[in-house]
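[1] the sequence isn't on hand, but the structure is:
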């Protein structure tokens, strides 16, 4: 397969994350002969705000009040940014859009708007709202096991006043750190967990979309799609992942999900990425070469 017809993986991160967390996965994909692009959504990566008050010794009052660049960033902004990346990638051949966690909301919005730019959608334990708005799923039985207060243990400032969600991931509070580890990387070592936590940024935008941003059969529904279940995910429980799969299949029964499963927690696939890279390589084989 020539580089012109080889698919490009476009990788979209979740909440408080950025392109940096995909580096080990990109290395594995590259070693399997696949090219990839990790996206930083607006206000993420080198566009993130790290207030001086966030540095040690921390000034918690200052941290609670410092402005953040992500204030006012909307889901529409995220989708527009991603669409710009997809347009550039599509010039070089097929595109496989891979999203993780909250990144699925942006991927879904992009597929609603520009299905022509995406040859396959891949959700890795990722939000694809169909029947409900994202925030409403949290009240459903599938999310009953989730410790929704875990981030609140290290919340900094008032989200309504700051216009963003800020979490002090550099806290030394043992209870907060234990809650984070249980939610995100229960199957990792303490060292792996702290290493990953130090790639997180403190600020995230508040807009997770409305009913208008749910998957639409006439656009999103035209794109072939894969769902990679994470079997031991505590923050996106398997029951919720399976519900999202069922709802997507019901919306587009002629275009059901191709379902794969990886063992591990919400972040384990990024800490130990070789199995995930092999799954993605298998998915790439489903994408027809293009003459773009």
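    Ah, there it is. Quick caveat: nothing in here was measured; it's all calculated off a predicted structure.

[2] remind me, longest helix of the chain?
    When the chain is parsed with DSSP state H, its longest helix is helix 75-90.

[3] helix or strand right after that one?
    strand 95-101 (DSSP states H and E).

[4] contacting residues around the helix or strand following that next one?
    For strand 95-101, the following helix or strand on the C-terminal side (DSSP H and E) is helix 103-113. Applying C-beta atoms under 8 Å, 6 or more residues apart in numbering, the external contacts of helix 103-113 come out as 12-14, 17, 41, 75-76, 78-79, 82-83, 86, 97, 99, 117-118, 121, 123, 126-129, 134, 208-209, 213-216, 219-220, 223. Placement of C-beta: from N, CA and C, glycine included.

[5] residues in contact with the longest helix of the chain?
    8, 10, 12, 37, 39, 41-42, 95, 97, 105-107, 109-110, 113-114, 117-118, 205, 207-209, 213, 292.

[6] what subset of those residues is buried?
    8, 10, 12, 37, 39, 41-42, 95, 97, 105-107, 109-110, 113-114, 117-118, 205, 208-209, 213 (16 or more other C-beta atoms under 10 Å).

[7] quick one: distance of stretch 33-43 to the chain centre.
    Between the centre of stretch 33-43 and the centre of its chain there are 12 Å (C-alpha atoms, centre = their mean, to the nearest Å).

[8] that one: end-to-end distance?
    Length of stretch 33-43, first residue to last, C-alpha to C-alpha, to the nearest Å: 31 Å.

[9] related to what we said a few turns ago, which of the contacts of helix 103-113 fall within strands?
    12, 97, 99, 121, 123, 126 (DSSP state E).

[10] what's the pLDDT at the closest residue to the third one other than its chain neighbours?
    Translated: residue 99. Once flanking residues are discounted, residue 99 sits nearest to residue 107: 3.8 Å by C-beta to C-beta, 6 or more residues apart in numbering. On pLDDT, residue 107 comes in at 98.

[11] and the gap between residue 107 and residue 165?
    20 Å (C-beta to C-beta, to the nearest Å).

[12] so, low pLDDT: which residues of the stretch 1-150 of the chain?
    Low-confidence segments of the stretch 1-150 of the chain (pLDDT under 70): 1-4.

[13] and if we set it to 90?
    Across the stretch 1-150 of the chain, the ranges flagged by pLDDT under 90 are 1-6, 147-150.

[14] quick check, residue 279 in contact with residue 228.
    Yes. With contacts counted by C-beta atoms under 8 Å, residue 279 reaches residue 228, the gap being 6.1 Å.

[15] return every residue with contacts to both of the two.
    By C-beta under 8 Å, 6+ apart, the residues touching both residue 279 and residue 228 are 260, 262.
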